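Student: turn this into a model:
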Amino acid sequence: MKLKTGTAFAIMVVLIIGSVLFGAYKGWTEEKAYVDATYAGLESMLQTRVETAYNILAVAKRHVPETDEAYQRVSMDLSQLDNQYNDLSRKAEANDALGRDAAALLKNLSQLDSVKNDNRDAMYVDNYLPQMLSESEQMTVGATYNQAAAEFNGRINRTFSGFLAKLMGVRPAEVFNAE
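Tutor: A predicted model of the protein is given here:
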């Protein structure tokens, strides 16, 4: 049985459109998988930040009561950051708050006579812990994940195949920053 030319042409057009849609979906899904794979690096950096904050609290516990306001803020920030949020903007907000509050706690500790009279804790409060806090912040902000997510989002939003992929359900990558 012969197909009519119009029917054959319609089938060909449907196959071409289907191939283009499938190719766009598959390609962008693979690129998104690469972005998602870099997330483990961000989580590792956040874990370093959490460990640094726990070290700050360990030193603080030797010099201020756990009811101290600055101590409590850092504890609360840690519990929020340690919580496994799915929303990266909430994690980023908790991370920013942790940075501010931990720096404030370190500043308060550096002014205490009990810290000044303890050579080990003075070294931690004046040098080691502020450096670790600063380095972990820089590593988190400059994480490969954020760069990969921003590049992916830029490309998917600028291209026709990206437009098609979004129609097929591929979503832009969530960026790690506080809104």
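Student: which secondary structure elements does the helix or strand of the chain with the lowest mean pLDDT contact?
Tutor: Every helix and strand of the chain was ranked by mean pLDDT, DSSP states H and E. The lowest is helix 129-141, at a mean of 82. Taking 3 or more Cβ pairs under 8 Å, 6 or more residues apart in numbering; DSSP states H and E as the contact definition, the neighbouring helices and strands of helix 129-141 are helix 5-61, helix 88-110. For the C-beta atoms, the positions are set from N, CA and C on the backbone; glycine is no exception.
Student: N108 touches R73, doesn't it?
Tutor: No - in this structure, N108 is not within contact of R73 by Cβ atoms under 8 Å, at 10.8 Å.
Student: how about the contacts made by D82?
Tutor: Neighbour list for D82: V50 [criterion: Cβ atoms under 8 Å, 6 or more residues apart in numbering].
Student: thinking again about what came up before, off-centre distance for the least confident helix or strand of the chain?
Tutor: In terms of Cα atoms, centre = their mean, to the nearest Å, the centre of helix 129-141 is set 14 Å apart from its chain centre.
Student: buried stuff in that helix?
Tutor: Neighbour-count burial for helix 129-141, counted by 16 or more other Cβ atoms under 10 Å, picks out 129-130, 132-133, 136-137, 139-140.
Student: hang on, the earlier thing: the helices and strands packed on helix 129-141 into CSV, with extra columns for mean neighbour count and distance to R171?
Tutor: Converted to CSV, these look like this (neighbours: other Cβ atoms under 10 Å; distance: least, Cβ to Cβ, whole Å):
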stretch, mean neighbour count, distance to R171
helix 5-61, 15, 8
helix 88-110, 20, 13
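Student: would you turn these into a markdown table with mean pLDDT and distance to D82?
Tutor: As requested, the helices and strands packed on helix 129-141 are exported to a markdown table (pLDDT from 0 to 100; distance: least, Cβ to Cβ, whole Å):
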| stretch | mean pLDDT | distance to D82 |
| --- | --- | --- |
| helix 5-61 | 87 | 6 |
| helix 88-110 | 89 | 9 |
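Student: for L129, see how far away the residue lying closest to D101 once chain neighbours are set aside is.
Tutor: Among residues not flanking D101 along the chain, R73 sits closest, at 4.2 Å (Cβ to Cβ, 6 or more residues apart in numbering). Applying Cβ to Cβ, to the nearest Å, the value for R73 to L129 is 16 Å.
Student: again with M76
Tutor: 19 Å.
Student: try T48
Tutor: Per Cβ to Cβ, T48 is found 13 Å from L129.
Student: next: K116.
Tutor: Counting by Cβ to Cβ, the separation of K116 from L129 is 15 Å.
Student: tell me the contacts of W28?
Tutor: 156, 161-162, 165, 170.
Student: try S161
Tutor: 20, 23-24, 27-28.
Student: one more: L57?
Tutor: So L57 contacts 71, 74-75, 78 (Cβ under 8 Å, 6+ apart).
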